[in-house]
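> Here is my input; please provide its structure:
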Amino acid sequence: MGARRLTIGFLVSYLTEDYAAELWRGLVKAAERRGVDLLAIDGGAIEDPYEIHRQKATLYSVIRNVNFDGIIVAAGSIGNFADDARMEAFLRSLPPVPQILVGKPVGNRPCVLVDNRAGMRDMVSHLIEEHGRKRISFIAGASTNSEAMERFAGYREALEGHGVPYDPALVYHGDFSRIHGARAVQTFLAQPGPQPDAVVASTDYNAISAIEELGRRGIAVPQAVAVTGFDDIRDCVSTHPTVTTAGQPYDAIGEAALDLARDAIQGVAGRTIMLPTRTILRSSCGCAILRSGAETLAEEPALVSRLRHVAQQCMSTGSSRPFLDVLDAALKEETGLFPSFGHWFDVLRGLFDDERRETSEKAVSCRVTAAGLYAYSLDYLGKKVEELQKANAVRVRDMYVILNQFYERSAFTFDRTASASDLDDTLPRIGVTSFLMCLYQENTERVRVEHLFSVEAAPGLAAGAVGAPELIIDAFLASCKKGGLPGSLILLPLFHRSEDLGFVICRVSVPDGALYESLVSQISNAIKGAALVSAVRSHSEELERKVAQRSAELKTALEELEHANRRLEALSVRDELTGLCNRRGFLAGSHQYFELAKRRGGEFLLFYADIDRLKEINDSFGHLNGDDALRNMSWLLTKAFRQTDILGRMGGDEFVVLAVDMKPEQEHVVRKRLSAIVDDFNATSGKPYVLAYSMGCAAWQPSSYGSLEEIMAEADRRLYAEKRNKKAAG
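Model prediction:
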């Protein structure tokens with residue numbers, strides 16, 4: 001793309017979800033190969049019907065005048081709920097640079113499309129031809145989404161091509177979000193007459209949700225009902241059963257989009273690139289194989305050519321080491337916090353298919369050698385993947401522990417200097433190499449640089465600087481270019497409920513949206529908490545000034561001051577949402593009782609609980625209902641336990657209870673009482689959600705744990721053991 005390093009904006013929605021995350025990873029790989037700076041902007045979907053997502057859209061106005069060389073728009077996800085006219089208006093509002101669309105054509109702009117119709121047609125044909133399914137239901141996406149309509153058309157074409165009558169009653173019209181999978185199954189099963197023998201979903205999210213709902217109803221997948229998805233997100237291989245799906249070629253999409261961007265920047269006329277999907281056969285349709293080796297080989301032709309060349313050398317020399325070295329290097333290139341390694345088994349199978357099928361006498365020795373190398377490589381790959389997955393699990397755990405520790409400190413640290421220092425310590429430990437945080441000044445047209453990390457000095461780019469957001473973003477991007485290597489960057493909004501606070505840009509080494517969404521969520525909460533404390537302190541200071549100025553009103557002012565101080569004290573030990581002790585308050589009270597119990601030889605139980613599927617409540621019914629669920633859970637806990645017990649909310653959806661003077665044999669009594677209270681609530685509350693929880697318990701006796709932290713850790717471990725057991729039980 002020339003000597004000058006280009007900066008490309010990538011507009012996408014929901015980087016916390018696998019489809020958008022895979023698109024981002026594919027573009028990151030392609031950008032790194034081309035020496036391009038890629039800035040991902042997660043501004044959500046336009047016309048999003050879900051209130052909790054709408055606040056992100058402020059970012060699209062913030063970047064309106066940023067100096068990009070070109071823009072790649074994930075139009076399929078951003079325009080999921082928008083018609084063509086609304087998408088056209090949105091695209092015209094963006095910076096006046098070449099625009100490349102992915103997933104949805106709008107006007108005559110260059111576009112990368114996936115053959116959704118053929119992919120879905122092949123999927124439905126497989127169910128009919130290989131598994132004999134005839135009553136095939138379909139979960140359709142939004143009618144405004146062109147990809148959804150193409151998939152629906154492929155479904156109908158497959159039915160018609162095999163002489164299977166189309167039945168509108170077997171079609172559920174929803175959208176690509178997870179909740180519609182379960183709702184579709186509920187709708188299909190509530191209808192009279194024969195039940196479907198297959199559920200074909202427009203997305204993997206729909207499919208996974210449908211599998212879960214069928215499992216809750218005791219319907220076996222795939223024995224009674226086969227289920228398939230579309231996209232090949234990473235959750236497909238961790239679901240039971242694993243999900244048969246039509247895989248999108250994410251790496252090829254990234255390559256094609258950047259090729260089109262290069263052409264458009266150089267003045268070459270735009271075009272549409274259509275890429276094929278690949279049918280990935282897993283357990284949910286009734287197949288046991290993962291995918292076709294030939295299809296897998298087509299994804300990385302250069303790498304496969306290298307592997308084949310080295311394999312042939314190894315078969316000549318009798319040494320497997322060079323082949324394993326190349327394979328090992330390729331495995332380490334898998335990116336993200338949750339890399340998928342399953343397709344490498346198919347790469348090996350496809351690579352050795354020709355040699356293992358050769359039957360001529362001349363090739364017998366080579367075939368034996370190939371079979372031996374194949375078997376040895378499979379064994380090596382299995383061990384290596386297990387090793388990498390374990391190392392990756394530790395890495396993921398450590399990053400989220402670091403984030404949780406940052407949250408715990410920032411939630412109770414109201415000193416801005418201390419918070420900034422803590423942030424600087426946290427960022428490099430979660431893969432952030434450069435960082436910019438800006439806060440809005442009255443409106444989104446002017447921002448103040450609140451924090452910089454590992455950024456070279458540039459005009460207008462310094463802590464405290466105030467200016468137009470596009471100028472500060474341009475200065476930050478220019479500063480990043482001075483580092484020499486291309487970078488993967490992400491722009492995310494800071495907001496608290498309906499209040500816009502600002503934005504951050506992270507230059508990252510790990511392209512994982514969920515990790516950085518969690519970071520900005522915690523920063524947003526810390527900013528809002530600090531502002532609340534500042535407001536209380538300011539009010540307290542104002543009252544003190546009034547006391548000095550108005551001696552005649554001394555009595556009244558002192559009462560107001562005392563009230564303000566009580567609010568400030570409550571803020572530090574009480575959880576504002578539930579009224580229970582917060583982490584600080586619980587630990588203070590529990591440590592005091594723990595020391596007393598040690599001295600007098602007392603006993604107690606410690607319960608650790610959390611709400612199951614709180615994220616689903618937030619996603620399906622909004623954060624107001626999510627907050628309501630937290631309040632109701634805390635209320636039910638207070639009903640189940642005694643006034644003498646110490647109850648606290650540790651953060652998020654986690655609760656902890658120290659039940660004083662309670663013996664181990666009383667645990668089942670408490671569990672039974674709480675279960676009855678929760679069941680009664682669910683039956684009578686009229687809430688749109690169902691409260692469910694998991695709970696672990698550890699007992700303290702004078703001869704057991706040496707510290708309060710040890711017994712809390714044990715209760716927490718048992719909580720997660722219970723959650724794993726629930727998941728395993730379906």
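
> Strands along the stretch 251-400 of the chain, start to end?
Secondary structure of the stretch 251-400 of the chain by DSSP state E, counting those that start in this stretch: the strands cover 272-275, 278-280.

> okay, those strands in a markdown table with mean neighbour count, distance to Glu470 and mean pLDDT next?
Every C-beta, even on glycine, is put in place using the N, C-alpha and C of the backbone. As requested, the strands of the stretch 251-400 of the chain are arranged in a markdown table below (neighbours: other Cβ atoms under 10 Å; distance: least, Cβ to Cβ, whole Å; pLDDT from 0 to 100):
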| stretch | mean neighbour count | distance to Glu470 | mean pLDDT |
| --- | --- | --- | --- |
| strand 272-275 | 14 | 30 | 94 |
| strand 278-280 | 22 | 40 | 90 |
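
> Tell me which of those strands lies nearest to Pro241.
The closest approach between Pro241 and any of the strands of the stretch 251-400 of the chain, judged by Cβ to Cβ, belongs to strand 278-280 at 13.2 Å.

> circling back: Pro192 is nearest to which of the strands of the stretch 251-400 of the chain?
Closest to Pro192 of these, according to Cβ to Cβ: strand 278-280, at 33.2 Å.

> thinking again about what came up before, could you dump the strands of the stretch 251-400 of the chain to TSV with distance to Asp18?
Formatted as TSV, those follow (distance: least, Cβ to Cβ, whole Å):
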stretch	distance to Asp18
strand 272-275	18
strand 278-280	14
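
> between the ones you listed, which one is nearest to Arg671?
strand 278-280 (42.4 Å).

> Quick one: distance of that closest one to the chain centre.
24 Å (Cα atoms, centre = their mean, to the nearest Å).

> sorry, back to before: which one of the strands of the stretch 251-400 of the chain lies closest to Leu159?
Per Cβ to Cβ, nearest to Leu159 of these: strand 278-280, 17.1 Å.

> Minimum distance to Gly502: which of the strands of the stretch 251-400 of the chain has it?
Using Cβ to Cβ, the strands of the stretch 251-400 of the chain put strand 272-275 closest to Gly502, at 37.1 Å.

> Now do the closest one: which elements does it pack against?
strand 111-114, helix 250-265 (3 or more Cβ pairs under 8 Å, 6 or more residues apart in numbering; DSSP states H and E).

> Ok, which of the strands of the stretch 251-400 of the chain comes nearest Asp628?
Among those, strand 278-280 sits nearest to Asp628 (Cβ to Cβ), with 40.0 Å.

> Which neighbours in the sheet does that closest one have, and how are they oriented?
strand 244-247 (antiparallel) (DSSP bridges).

> Mind listing residues that contact the partner strand?
119-120, 122-123, 204, 207, 226-232, 236, 277-285, 287, 291 (Cβ atoms under 8 Å, 6 or more residues apart in numbering).

> For the stretch 51-200 of the chain, which residues score under the pLDDT cut-off?
Applying pLDDT under 70 to the stretch 51-200 of the chain picks out residues 51-53.

> in it, which spans are strands?
So, for the stretch 51-200 of the chain - with DSSP E, counting those that start in this stretch - the strands run 70-73, 99-102, 111-114, 136-140, 171-173, 198-201.

> among those strands, which is the most enclosed?
For those, average neighbour numbers computed from mean count of other Cβ atoms under 10 Å are highest in strand 198-201, which has a mean of 30.

> That strand packs against which elements?
Short answer (3+ Cβ pairs under 8 Å, 6+ apart): strand 198-201 packs on helix 116-131, strand 136-140, helix 179-190, helix 204-216, strand 226-231.

> Measure how the second one sits relative to helix 204-216, angle-wise.
For strand 136-140 and helix 204-216, the angle between their directions (axes from the mean of the first three to the mean of the last three Cα atoms, to 10 degrees) works out to 130 degrees.

> How far off centre is strand 136-140?
On Cα atoms, centre = their mean, the centre of strand 136-140 falls 26 Å from the chain's centre.

> Pairing partners for it, with directions?
Partners of strand 136-140 in its sheet, by DSSP bridges: strand 171-173 (parallel), strand 198-201 (parallel).

> Make a markdown table out of the helices and strands packed on strand 272-275 and add distance to Ser703.
A markdown table is the format used below for the helices and strands packed on strand 272-275 (distance: least, Cβ to Cβ, whole Å):
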| stretch | distance to Ser703 |
| --- | --- |
| strand 111-114 | 63 |
| helix 250-265 | 56 |
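
> highest average neighbour count across those?
Comparing the helices and strands packed on strand 272-275 by mean neighbour count (mean count of other Cβ under 10 Å), strand 111-114 ranks first with a mean of 24.

> Which residue, other than its chain neighbours, is closest to Ile46?
Residue nearest to Ile46 in three dimensions, not counting chain neighbours: Ala82, with 5.0 Å by Cβ to Cβ, 6 or more residues apart in numbering.

> Am I right that the one you found is in contact with Phe90?
Yes: at 7.0 Å, Ala82 and Phe90 qualify as touching, with contact defined as Cβ atoms under 8 Å.

> what's the overlap in contacts for these two?
With Cβ under 8 Å, 6+ apart, Ala82 and Phe90 have common neighbours Ile46.

> So Asp435, which state does it fall into?
For the record, residue 435 is Phe, not Asp. strand (DSSP: H, G, I helix; E, B strand; the rest coil).

> quick one, what contacts it?
Residues in contact with Phe435 (Cβ under 8 Å, 6+ apart) are Leu423, Leu427, His451, Leu452, Phe453, Ser454, Val455, Val504, Ile505, Cys506, Arg507.

> Over to the last one: give its phi and psi.
Which is Arg507. phi -90, psi 120 (degrees, to the nearest 10).

> go on, the one 4 residues further on?
Summarising the backbone geometry of Pro511 under the convention degrees, to the nearest 10, its torsions are phi -80, psi 80.

> distance of the residue nearest to it when sequence neighbours are not counted from Val536?
Nearest non-adjacent residue to Pro511, counting by Cβ to Cβ, 6+ apart: Val28, 4.7 Å away. To Val536, Val28 is 43 Å away according to Cβ to Cβ, to the nearest Å.

> Then Ser320?
68 Å.

> Equivalent analysis for Ala676, please.
Counting by Cβ to Cβ, the gap from Ala676 to Val536 is 40 Å.

> circling back: reformat the strands of the stretch 51-200 of the chain as JSON lines; add distance to Arg308.
Shown next, in JSON lines, are these (distance: least, Cβ to Cβ, whole Å):
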{"stretch": "strand 70-73", "distance to Arg308": "33"}
{"stretch": "strand 99-102", "distance to Arg308": "31"}
{"stretch": "strand 111-114", "distance to Arg308": "27"}
{"stretch": "strand 136-140", "distance to Arg308": "39"}
{"stretch": "strand 171-173", "distance to Arg308": "45"}
{"stretch": "strand 198-201", "distance to Arg308": "36"}
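
> Relative to Glu541, which of the ones you listed is closest?
strand 70-73 (47.6 Å).

> what packs against the closest one?
strand 7-12, strand 99-102, helix 250-265.

> ok, 10 Å please
Contacts defined by 3 or more Cβ pairs under 10 Å, 6 or more residues apart in numbering; DSSP states H and E place strand 70-73 against strand 7-12, helix 18-34, strand 37-42, helix 84-92, strand 99-102, helix 250-265.

> Confidence-wise, which of these is weakest overall?
Mean pLDDT is lowest for helix 18-34 among those, at a mean of 87.

> Now that one: buried residues?
Under the neighbour-count criterion of 16 or more other Cβ atoms under 10 Å, helix 18-34 has 18-32, 34 buried.

> Just the closest of those residues to Tyr155, please.
Tyr19 (19.2 Å).
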